[in-house]
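# Quick one, fold the following:
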Amino acid sequence: MSAPIADKGLPSRFWEKKSLAQMNDAEWEALCDGCGKCCLNKLEDEDSGEVALTRVACRLLDDASCRCAHYDNRHQFVPDCIVLKPSNIESHLYWMPQTCAYRLLHEGKPLAEWHPLVSGSPETVHEAGVSMRNQTVSEYDVADDDWEDHIIEEPT
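Reported below is the predicted structural model:
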């Protein structure tokens, strides 16, 4: 198990004491559980507005770590990559994974026991089977018209 979050300079259980808007950058970034689902390409039904996640990942997603390979300068490679923040979370809820900490906290729900902030380990998201570790295919390898063949059920 990794060092407790408090040892990393973050207040203990800060997510239970602060709103998303009150969090500093380090706290905000720590909410990411490392599942990799936000980096999956999605399909939206034009009629219903329903969004389906696919195993087709952004070209920058590292399938083994479930992290962006170029997070700090990702917009140079993927200009339309979303920067999620308290001011725009409401408009992005419709496509965010059901297990996402940002979504859960916005909806007033607790973090799951496997979330690294709760468990103290970044591995628990993978051990719980919630992450996309070693389950994605690159967007370079799948034609846009074939994304439907890679739809996954949420949560996975």
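
# List the contacts of the residue sitting nearest the centre point of the chain.
Central residue of the chain (C-alpha atoms, centre = their mean): Cys38, 4.2 Å from the mean position. Residues in contact with Cys38 (C-beta atoms under 8 Å, 6 or more residues apart in numbering) are 82, 84, 96-97, 100. Backbone N, C-alpha and C define where each C-beta goes, glycine included.

# again with Leu40
Contact analysis of Leu40 by C-beta under 8 Å, 6+ apart lists 53-58, 61, 132, 136, 152.

# which ones among these are found in strands?
Those of these mapping onto strands are 53-57, 61, 152, per DSSP state E.

# which one of those residues is nearest Trp28?
Nearest to Trp28, judged by C-beta to C-beta, of the ones in strands among the contacts of Leu40 is Leu61 at 20.0 Å.

# Provide the partner residues of that closest one in its beta bridges.
Taking DSSP bridges as the rule, Leu61 bridges to Cys68.

# And the pLDDT at it?
The model reports Leu61 with a pLDDT of 96.

# isn't it right next to His70, touching?
No. Between Leu61 and His70 there is no contact under C-beta atoms under 8 Å: 10.2 Å.

# the more surrounded of the two?
More crowded of Leu61 and His70, by other C-beta atoms under 10 Å: Leu61, with 23 against 14.

# which regions of this structure lie under the pLDDT threshold?
Flagging of the chain using pLDDT under 70 yields the residue ranges 1-7, 155-156.

# ranges for the helices of it?
For the chain, the helices defined by DSSP state H cover 25-30, 74-77, 89-92, 101-106, 116-119, 124-127.

# wait, which of those is closest to Val142?
Comparison of these against Val142 by C-beta to C-beta identifies helix 74-77 as nearest, at 18.1 Å.

# Distance from the chain centre to that closest one, please.
Mean-position distance between helix 74-77 and its chain equals 18 Å (C-alpha atoms, centre = their mean, to the nearest Å).

# contacting residues around it?
Outside of helix 74-77, the residues within contact range by C-beta under 8 Å, 6+ apart are 59-60, 68, 70, 81.
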